[in-house]
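Peer 1: With the input below, show me the fold.
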Amino acid sequence: ITQTGGTNFTYNAILYYTPATINTIPYESGIGVMKGDASTWNPVAVSGVDTIAHTASAGGLSSLSLFALTDRGIVPPLAVNAKVFLQGPYSTGTSAMLATLNAAAKLPLTSETAYPAATFGYTARTVTSIPNTSIVDWVLVELRTGTAPGTKIATQAAFLKTDGTIVDLDGTSLLNFNGIAVGSYYLIIRHRNHLSIMSAAPVPLSGASTLYDFSTAQTQAYGVSPMRNLSGGTVFGMYAGNNDGDAIIQTHDYVAVALDLFTSGYFLYDHDMNGLIDVDDYNPVGLNLFISSQVP
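Peer 2: Coordinates of the predicted model:
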């Protein structure tokens, strides 16, 4: 593009490409745009990359020039490889969680239903369908550089499978965080009616993170007795019964069950997550009464 006249203008540049032309760039969503001439190139802010239409855009430009695509400054996705159990749907008979809500087609297609974005401070995610029959529910995964809430750097919704693994929206891949550097971070796992937990120490994360399994011992999570013993001291999981999200299981969590007793659907008071609020949903609250989350 050349400039033959005119001043005080801005424009948007859209660069079209085919996947084959960027085979040296490992992460298409992280494509950069460079502006310059044959001898001098400088990066410009990318306003968007459309991986469907295969375009990269740069906006607010004020002088015409040559443009090129680059992998300069790309930060590979950070993979969270974690395993956690929820007390409510956990079955000691199968050593796994039940996916009853999924089987009954009661799981919502957007994380907003489970975790309102305005309350939890993240961007809600949506699918067109639940990806497979092993999905138990939505969870939130938070990354922190320290233990204090003010050190949070990202939160993302993900799916939890019956075997306890946390996966991305396709139901199989590890959960990826974009734009975050390789390093060690505290992992916080949140569920809509269980007490949140945090890793006991920072977990090394990269594009090929090793598994961090919360379920193997109490000491895998931060704090004092942060999880419920689910099976003979060998399996641990998140405490069920905190249906108002105040980080402590109290009498009003117990009383709240009566509000929708014998109602079927996707409800906070359905602590065993079988799709029906019944007398069994009182049990986790009574068992865990006055227990608090250990997440700061």
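Peer 1: Strand partners (parallel or antiparallel) of the lowest-mean-pLDDT helix or strand in the chain?
Peer 2: Taking mean pLDDT, DSSP states H and E as the measure, the helix or strand of the chain with the lowest value is strand 41-44, at a mean of 72. Using DSSP bridges, strand 41-44 pairs in its sheet with strand 32-36 (antiparallel).
Peer 1: Wait, residue 157 touches residue 111, no?
Peer 2: Yes: using Cβ atoms under 8 Å, residue 157 makes contact with residue 111 at a distance of 3.5 Å. Backbone N, C-alpha and C define where each C-beta goes, glycine included.
Peer 1: in the sheet, who's paired with residue 237?
Peer 2: On the basis of DSSP bridges, residue 237 is bridged to residue 228.
Peer 1: mind listing what it touches?
Peer 2: Residue 237 makes contact with 84-87, 90, 214-215, 227-228, 230, according to Cβ atoms under 8 Å, 6 or more residues apart in numbering.
Peer 1: Switch those over to TSV; also include neighbour count.
Peer 2: Shown next, in TSV, are the contacts of residue 237 (neighbours: other Cβ atoms under 10 Å):
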residue	neighbour count
84	26
85	27
86	26
87	25
90	26
214	25
215	21
227	25
228	24
230	19
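Peer 1: Return the closest of those residues with respect to residue 182.
Peer 2: Nearest to residue 182 among those: residue 214, at 21.7 Å, using Cβ to Cβ.
Peer 1: Okay, helices next: where are they in the stretch 1-150 of the chain?
Peer 2: According to DSSP state H, counting those that start in this stretch, the stretch 1-150 of the chain carries its helices in the segments 100-103, 111-114, 117-120.
Peer 1: I'd like to know which of those is closest to residue 296.
Peer 2: Comparing those by Cβ to Cβ, helix 117-120 comes nearest, at 16.5 Å.
Peer 1: Which positions in that closest one come out as buried?
Peer 2: Neighbour counts over helix 117-120 (16 or more other Cβ atoms under 10 Å) mark residue 120 as buried.
Peer 1: For the closest residue to residue 247 other than its chain neighbours, which residues are in contact?
Peer 2: Ranked by Cβ to Cβ, 6 or more residues apart in numbering and with sequence neighbours excluded, the top spatial neighbour of residue 247 is residue 293, at 4.2 Å. Contacts for residue 293 (Cβ under 8 Å, 6+ apart) come out as 195-197, 226, 239, 242, 247-248.
Peer 1: In strands, which of those residues fall?
Peer 2: Among those, the residues falling in strands (DSSP state E) are 195-197.
Peer 1: Out of the residues you listed, flag the one nearest to residue 273.
Peer 2: Among the ones in strands among the contacts of residue 293, residue 195 lies closest to residue 273 (Cβ to Cβ), at 14.9 Å.
Peer 1: What about that closest one, how many residues nearby?
Peer 2: By other Cβ atoms under 10 Å, the residues close to residue 195 number 25.
Peer 1: so who does it touch?
Peer 2: Contacts here follow Cβ under 8 Å, 6+ apart; on that basis residue 195 touches 226, 238-239, 241-242, 247-249, 288, 291-293.
Peer 1: Narrow the residues you listed to those that are buried.
Peer 2: Buried among the contacts of residue 195 by 16+ other Cβ under 10 Å: 226, 238-239, 241-242, 249, 288, 291-293.
Peer 1: And those, which is closest to residue 281?
Peer 2: Nearest to residue 281 among those, counting by Cβ to Cβ, is residue 241 at 8.6 Å.
Peer 1: does that closest one really touch residue 271, like I thought?
Peer 2: Yes: counting by Cβ under 8 Å, residue 241 touches residue 271, with 5.5 Å between them.
Peer 1: what do those two both touch?
Peer 2: Listed as contacting both residue 241 and residue 271 by Cβ under 8 Å, 6+ apart are 193, 284-285.
Peer 1: Which of these has the largest number of neighbours?
Peer 2: Among those, the one with the most neighbours (other Cβ under 10 Å) is residue 193, at 28 neighbours.
Peer 1: thinking again about what came up before, can you check which of the helices of the stretch 1-150 of the chain gets nearest to residue 133?
Peer 2: It is, among these and with distance given as Cβ to Cβ, helix 100-103, at 6.2 Å.
Peer 1: Good, we can wrap up now.
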